[in-house]
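> Next comes the sequence, and after it the predicted model I'd like to discuss.
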Amino acid sequence: MASATKFSHYPPFPKDVPSAALSKVSLAKLFTNDVDEAKAMFESCRSIGFFLLDLSGHEIGEAFVQDIDRVLDITKDIMALSDEKKLEYLTKPPKRLVGYELLGSMKIETIQPDRCDFFMLSRDELNGLESPPDYPPPIADNLPAFTSYLAHAQPILELICRVLSTSFDWPPPTFLSKQPVTSKSSTSIRLMKCPAATPLADLRISLVPHTDMGTITLLANVIGGLEILRPSSSNGETKDNWEHVKPEPNCLIVNVGDAMVQWSGGVLRSNVHRVTYPPGAQANHDRFSVAYLVRAAADADMRRLNGGLIPDVEVDGDVDDEVGMLAAEWENRKSMALIQGKDRVKSTGGRPLKGETR
Ligand SMILES: O=C(O)CCC(=O)C(=O)O
Ligand SMILES: [Fe+2]
């Protein structure tokens, strides 16, 4: 999450608006192998699939906060370009998902257009695994900011993956070996703007309900608007079933994606979330966010992992096992099923560990 200075530019998150009770986990404590902190993180990743990661008090975390502030400024700049300029850098689905996706390109639940503008960057292109594209000036002129962002995000991501692996009684590199930074993947950075909800009558959903398809997401936003669907309410998506996530200075919002649910046999949880208009006076402000959406390596095996505390495939007919499928094909199939309406957006995971009754 951004620094306290960035938060001071906006009205505070209203005191009378309830928000989800997410655990706040300390990066510094995780780095010193604090058992309680690791346990709290693992529990959150199983129960709701979201937690706050406090970056303060650790050198890497504090450097990452600075990177986030810088990338949020760049996000503002690239969103301020003219529509004419933006049209030069549009995404070209299904092949090329990097570039601008303009306001209103997706439909929200009411079939009205969405209310978010975003620009996707590919990690492979930023770190030279693929040849770099022609970037719009605010990005081309600031590439070191993204290099620094990725460099500081990596040890944080690795730490989260290590803690999750050891929580399952697996060797620490287990989850990470499926998403090494040196392997090609669809990992991206999403820079997003949801314009102020003015006139205040325009209170539509900004970003449609979804789960993140990848492994782990590191999210930074400053004002409210992100909502998660309560775990108990997967079947009835009424207004009361959505809970706000309250952003906090120096804290990342971390969430688990679908790939981790698949590998963990349904134990880790990927929870549905969306972006709506920010609460109270915050709705009068443009909302910017930066999401690092980490994906499995394109050639990662998507079968459930074996051993440790994962429920055995043999005694368990509950979860699909994507026999022999590699991540690139798995991701493709999932996206197509959603687009063609064969699958619906739903939270997955949250099952007990092997031998555990809950
Ligand atoms: O902007 C946010 O707070 C959430 C964005 C998000 O869910 C995503 O980019 O997948
Ligand atoms: Fe998301």
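Yep, it's here. Residues are numbered from 1 along each chain as shown. Ligands and ions are numbered 1, 2, ... in the order given.
> Quick check: what element follows the lowest-mean-pLDDT helix or strand in the chain along the chain?
The weakest-scoring helix or strand in the chain, judged by mean pLDDT, DSSP states H and E, is strand 99-101 (a mean of 81). With elements assigned by DSSP states H and E, the helix or strand that comes after strand 99-101 is strand 117-122.
> could you give me the average pLDDT of stretch 190-203?
Throughout stretch 190-203, pLDDT has a mean value of 77.
> Could you do stretch 132-141 as well?
94.
> Run through who's touching it.
Stretch 132-141 is contacted from outside by 74, 77-78, 81, 85-86, 88-89, 98-99, 119, 121, 125-126, 143, 146, using C-beta atoms under 8 Å, 6 or more residues apart in numbering. The C-beta positions use only the backbone N, C-alpha and C, and glycine is treated the same way.
> please redo it, this time with the cut-off set to 7 Å
74, 77-78, 81, 85, 89, 98, 125 (C-beta atoms under 7 Å, 6 or more residues apart in numbering).
> ok and the residue in the stretch 51-200 of the chain nearest ligand 1?
Going by C-beta to the nearest ligand atom, ligand 1 is nearest to Arg190 of the stretch 51-200 of the chain, at 4.5 Å.
> Quickly list what that residue is bridged to.
Counting by DSSP bridges, Arg190 is bridged to Met120, Ala291.
> separation between it and Val181?
According to C-beta to C-beta, to the nearest Å, Arg190 stands 18 Å off from Val181.
> residues near the nearest residue to Val261 once chain neighbours are set aside, how many?
With sequence-adjacent residues excluded and distances taken as C-beta to C-beta, 6 or more residues apart in numbering, Val261 is closest to Gly349, at 4.0 Å. Burial of Gly349 is recorded as 25 neighbouring residues (other C-beta atoms under 10 Å).
> quick one, what contacts Gly349?
Each residue near Gly349 by C-beta under 7 Å, 6+ apart is listed here: 49, 261, 266-270.
> And the contacts of stretch 132-141, which is closest to Lys29?
Checking the contacts of stretch 132-141 against Lys29 with C-beta to C-beta, the nearest one is Ile74 at 30.9 Å.
> since we're on the closest one, how many residues are nearby?
For Ile74, using other C-beta under 10 Å, the count is 20.
> and stretch 325-333, how far from the chain's centre?
Chain-centre distance of stretch 325-333: 19 Å, with C-alpha atoms, centre = their mean, to the nearest Å.
> Asp134: how many residues sit nearby?
There are 9 residues near Asp134, going by other C-beta under 10 Å.
> so what's the residue of the stretch 51-200 of the chain closest to ligand 1 up against?
So Arg190 contacts 118, 120, 291, 293 (C-beta under 7 Å, 6+ apart).
> try Ser206
Counting by C-beta under 7 Å, 6+ apart, Ser206 has contacts 114-116, 194, 225, 275-277.
> how does it look with 6 Å?
115-116, 194, 275 (C-beta atoms under 6 Å, 6 or more residues apart in numbering).
> Quote the end-to-end distance of stretch 176-189.
Stretch 176-189 has an end-to-end distance of 19 Å (criterion: C-alpha to C-alpha, to the nearest Å).
> where does the residue nearest the centre of the chain land in three-state SS?
Residue closest to the mean C-alpha point of the chain, counted by C-alpha atoms, centre = their mean, is Thr217 at 3.0 Å. Of the three states, Thr217 takes strand under DSSP: H, G, I helix; E, B strand; the rest coil.
> Not counting its neighbours along the chain, what's nearest it?
Asn255 (4.9 Å).
> What residues does the one you found make contact with?
Applying C-beta under 6 Å, 6+ apart to Asn255 gives the contacts 49-50, 217.
> Just give the number of residues close to Cys252.
Quick fix: residue 252 is Leu, not Cys. 29.
> and the gap between it and Ser26?
Taking C-beta to C-beta, one finds Leu252 at 12 Å from Ser26.
> do Leu53 as well
In terms of C-beta to C-beta, Leu53 sits 8 Å off from Ser26.
> okay, these two: which has more neighbours?
Leu53 (24 against 21).
> Wait, that one touches Asn250, no?
No - using C-beta atoms under 6 Å as the test, Leu53 is too far from Asn250 to be in contact (9.6 Å).
> Reduced to three states, what does Pro132 come out as?
coil.
> Could you measure from it over to Met79?
21 Å.
> These two: who's more crowded?
Met79 (20 against 13).
> Please name the nearest non-neighbouring residue to that one.
Lys193 (4.1 Å).
> Which secondary structure state is assigned to that neighbour?
Strictly by three-state DSSP, Lys193 counts as strand.
> Let me know whether it touches Arg115 as I believe.
No - the criterion here is C-beta under 6 Å, and Lys193 misses it with Arg115 at 9.7 Å.
> Of these two, give the one with the bigger neighbour count.
Set side by side, Lys193 and Arg115 show more neighbours around Arg115, with 24 against 21, by other C-beta under 10 Å.
> any idea how far ligand 1 is from the closest residue to that one other than its chain neighbours?
Residue nearest to Arg115 in three dimensions, not counting chain neighbours: Ser206, with 4.2 Å by C-beta to C-beta, 6+ apart. Ser206 sits at a distance of 8 Å from ligand 1 (criterion: C-beta to the nearest ligand atom, to the nearest Å).
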